[in-house]
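# coords below, sequence missing:
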């Protein structure tokens, strides 16, 4: 924008706001219809789940920005977060599945792990 236009726009801010409100009121239904058509045409792409490049969790594409701000993702990429909790280990005591170190206690309490315990000789 040129400086003259910028100054004019700042001085007539209320005029521009009124024009924007009027345009919105006049074209509200047309904009909603375009949004509906877009959602129908791209429904599979909008609901697609992709892996977070920071923590590895699978999140819907449209929720990725919100996920990256979440405590779960931020805690995972925190350098102070213990490295051992991020490592995968085997549940050698019970069922032998690969799980995260941080989830070991929770996993061992599940019905799946209890059901598939290794038989001791």
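Structure received. Treat the numbers as computed from the prediction; the structure is a model and nothing was measured.
# does residue 54 sit in a helix, a strand or a coil?
What DSSP: H, G, I helix; E, B strand; the rest coil gives for residue 54 is coil.
# That one: neighbour count?
Residue 54: 12 surrounding residues under other CB atoms under 10 Å. Quick note: C-beta positions are derived from backbone N, CA and C, even for glycine.
# Tell me the secondary structure at residue 76.
Three-state assignment for residue 76 (three-state DSSP): helix.
# What pLDDT is listed against the closest residue to it other than its chain neighbours?
Distances taken as CB to CB, 6 or more residues apart in numbering place residue 55 nearest to residue 76, at 4.0 Å, with adjacent residues excluded. What the model reports as pLDDT for residue 55 is 78.
# close enough to count as contact, residue 55 and residue 71?
No - using CB atoms under 8 Å, residue 55 makes no contact with residue 71, being 11.0 Å away.
# Can you give me the neighbour number for residue 108?
By other CB under 10 Å, the residues close to residue 108 number 15.
# can you pull out the helices in the chain?
For the chain, the helices defined by DSSP state H occupy 3-11, 13-41, 43-46, 64-68, 71-77, 83-86, 104-108, 111-115.
# is it possible to export those to a markdown table including mean pLDDT?
Below are the helices of the chain laid out as a markdown table (pLDDT from 0 to 100):
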| stretch | mean pLDDT |
| --- | --- |
| helix 3-11 | 90 |
| helix 13-41 | 93 |
| helix 43-46 | 85 |
| helix 64-68 | 89 |
| helix 71-77 | 76 |
| helix 83-86 | 53 |
| helix 104-108 | 71 |
| helix 111-115 | 70 |
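# how far does stretch 69-77 sit from the chain's center?
Centroid separation for stretch 69-77 versus its chain: 11 Å, with CA atoms, centre = their mean, to the nearest Å.
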